[in-house]
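A.B. asks: Next comes the sequence, and after it the predicted model I'd like to discuss.
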Protein chains: 2
Amino acid sequence: MAGRKQFDVDEALRRVMHVFWRWGYSEASIDRLTEGTGLGRSSLYGTFGDKSTLFRKSLQRYAQTYHPLYDQALSGPHPSPSAVVAAYLQVTLNRIADPTVPDGCLLTVSATQFPALDAEGQAMVRAMIDGLRAMLQQALLAAGADEQEAAELALCTLATNKSLAVLSRAGFSSEDLATVAAAAARLPGRTHPLPE
Amino acid sequence: MAGRKQFDVDEALRRVMHVFWRWGYSEASIDRLTEGTGLGRSSLYGTFGDKSTLFRKSLQRYAQTYHPLYDQALSGPHPSPSAVVAAYLQVTLNRIADPTVPDGCLLTVSATQFPALDAEGQAMVRAMIDGLRAMLQQALLAAGADEQEAAELALCTLATNKSLAVLSRAGFSSEDLATVAAAAARLPGRTHPLPE
DNA sequence: CACATCTTGGAACGATCAGTACAAGACTCT
DNA sequence: AGAGTCTTGTACTGATCGTTCCAAGATGTG
């Protein structure tokens, strides 16, 4: 039926990522993946490998796409820890508002919850979470937070990030999500009041 | 093999609940349920019905067990909205600290994310979430919060509750979870400073 | 054109899924 | 004791899971 690939590999991986994004690991069946990409089973297996490999490549694809956005949001000079948290969560809110992308990213939520994913994949998820946490912590330090405050805020921001995914998938409105994010950004206000 | 039931129905339901709790709906296979309860398939189906019915009864069992605790934590007089949030989240932390109960309650987390659960079950989950939200809101009003503040704090406390489940399942330490909960309880501090 | 290489659709594999059928055993009641 | 009811273990169903196999067709190279 074919001699050379009849699809764009990168675009296919993007769609694969969105299927895992939407369904998590376990419920992203091969049938759903073929349906979501338009590819046949053979093309999927021949190009990417088995399901867990596919998931790991989706994770890499996610990092490649979104980590620069988080990096950019965190790298600029921030007047306060509060601004760091707000900038970070705004990236998440923008991602949720993107109509070309499914609601509620379950890539790192559902994958850590079940052993259906192999150890290598779980380790990747954990490394990604730890990386974001460290990235946040560093940006918070740069914005004037002390050690303890930076650690605490990084953790809480990560927690808010996860809850945004869950609430979004549970059907909460974008206004509700923005409210949660805004509240999280007010967290450092107690010890680091914004200059009037 | 048997004439009268050879197990305690209520204890069996408790164990069923814990299996859904631990695995969510989809990954709680009948085999896992039989293994978790010690019952045979026939006993499970004969006593409770099919899987979705079993899940709904688990939800009811959860509400019956834990809603009174939340109710009790919220019903007493609270000096401030902050105290309400802290009391509510403390119930969650105590539940997580309970060694007889699995880490990270996925009863209402994973169930809303996938269509594997039937409409009736999803509606129950949604009703339970809405109920907790209303309960929180009312307690916050009673503690002196105005309408808008109560709505916002109820939402954020619910969000924190969900993130505690996800983080707990993801392997975060109980110290980290307590930190997240404590931070959430500091949220109302901005507009409702604690009396010195 | 001929040959090797690659891709693709579709069939098929064993495993597991939720759910059911049924017979054997244990109990209550008369 | 005997009849009827309930419970339970086991085997089974059709569907779906992830994965592999293979032949057919399309391309690139000689």
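C.D. replies: Thanks, I have it. No experiment lies behind these values; they were computed from the predicted model shown.
A.B. asks: DNA strand C contacts on chain A?
C.D. replies: Applying C-beta under 7 Å from any atom of the strand, we find that chain A lies next to DNA strand C at A:1-7, A:39-43, A:46-47. Every C-beta, even on glycine, is put in place using the N, C-alpha and C of the backbone.
A.B. asks: Just the closest residue of chain A to DNA strand D, please.
C.D. replies: A:Gly3 (2.2 Å; C-beta to the nearest atom of the strand).
A.B. asks: pLDDT at that residue, what is it?
C.D. replies: Here the pLDDT value assigned to A:Gly3 is 72.
A.B. asks: coming back round to it: which among the residues of chain A next to DNA strand C end up buried?
C.D. replies: A:Leu39, A:Ser43, A:Thr47 (16 or more other C-beta atoms under 10 Å in any protein chain shown).
A.B. asks: So which of these reach DNA strand D?
C.D. replies: Of these, not one also sits near DNA strand D (C-beta under 7 Å from any atom of the strand).
A.B. asks: Who are the packing partners of the helix or strand A:Asn94 falls within?
C.D. replies: Taking DSSP states H and E as the criterion, the element that holds A:Asn94 is helix A:81-97. The contact analysis (3 or more C-beta pairs under 8 Å, 6 or more residues apart in numbering or on different chains; DSSP states H and E) places helix A:81-97 against helix A:51-75, helix A:119-142, helix A:147-169, helix A:174-185.
A.B. asks: okay, the angle between the first one and helix A:81-97?
C.D. replies: Note on geometry: by axes from the mean of the first three to the mean of the last three C-alpha atoms, to 10 degrees, helix A:51-75 and helix A:81-97 are set 140 degrees apart in direction.
A.B. asks: anything in helix A:51-75 near chain B?
C.D. replies: No - judged by C-beta under 8 Å from any C-beta of the partner chain, helix A:51-75 stays clear of chain B, getting no closer than 14.8 Å.
A.B. asks: And for that helix, what's in contact with it?
C.D. replies: Contact with helix A:51-75 is made by A:13-14, A:16-17, A:20-21, A:25, A:28, A:30, A:33, A:44, A:48-49, A:84, A:87-88, A:90-91, A:95, A:107, A:111, A:117-118, A:120-121, A:124-125, A:128, A:131-132, A:135-136, A:138-139, as judged by C-beta atoms under 8 Å, 6 or more residues apart in numbering or on different chains.
A.B. asks: now it against helix A:119-142, angle please.
C.D. replies: Going by the same axes, to 10 degrees, helix A:51-75 makes 0 degrees with helix A:119-142.
A.B. asks: residues of helix A:51-75 that come out buried?
C.D. replies: Buried-residue list, helix A:51-75, by 16+ other C-beta under 10 Å: A:51-52, A:54-59, A:61-63, A:66, A:70, A:73-74.
A.B. asks: repeat for stretch A:108-120
C.D. replies: Counting neighbours by 16+ other C-beta under 10 Å, one finds that the buried residues in stretch A:108-120 are A:Thr108, A:Val109, A:Ser110, A:Ala111, A:Thr112, A:Gln113, A:Phe114, A:Ala116, A:Leu117.
A.B. asks: Reformat the residues you listed as TSV; add secondary structure.
C.D. replies: TSV is the format used below for the buried residues of stretch A:108-120 (DSSP: H, G, I helix; E, B strand; the rest coil):
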residue	secondary structure
A:Thr108	coil
A:Val109	coil
A:Ser110	coil
A:Ala111	coil
A:Thr112	coil
A:Gln113	coil
A:Phe114	coil
A:Ala116	coil
A:Leu117	coil
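A.B. asks: contacting residues around the closest residue to DNA strand C within chain A?
C.D. replies: Relative to DNA strand C, the nearest point of chain A is A:Gly40 (2.5 Å; C-beta to the nearest atom of the strand). Neighbour list for A:Gly40: A:Thr34 [criterion: C-beta under 8 Å, 6+ apart].
A.B. asks: Which pLDDT value does the model give A:Pro193?
C.D. replies: As summarised for this prediction, A:Pro193 has a pLDDT of 55.
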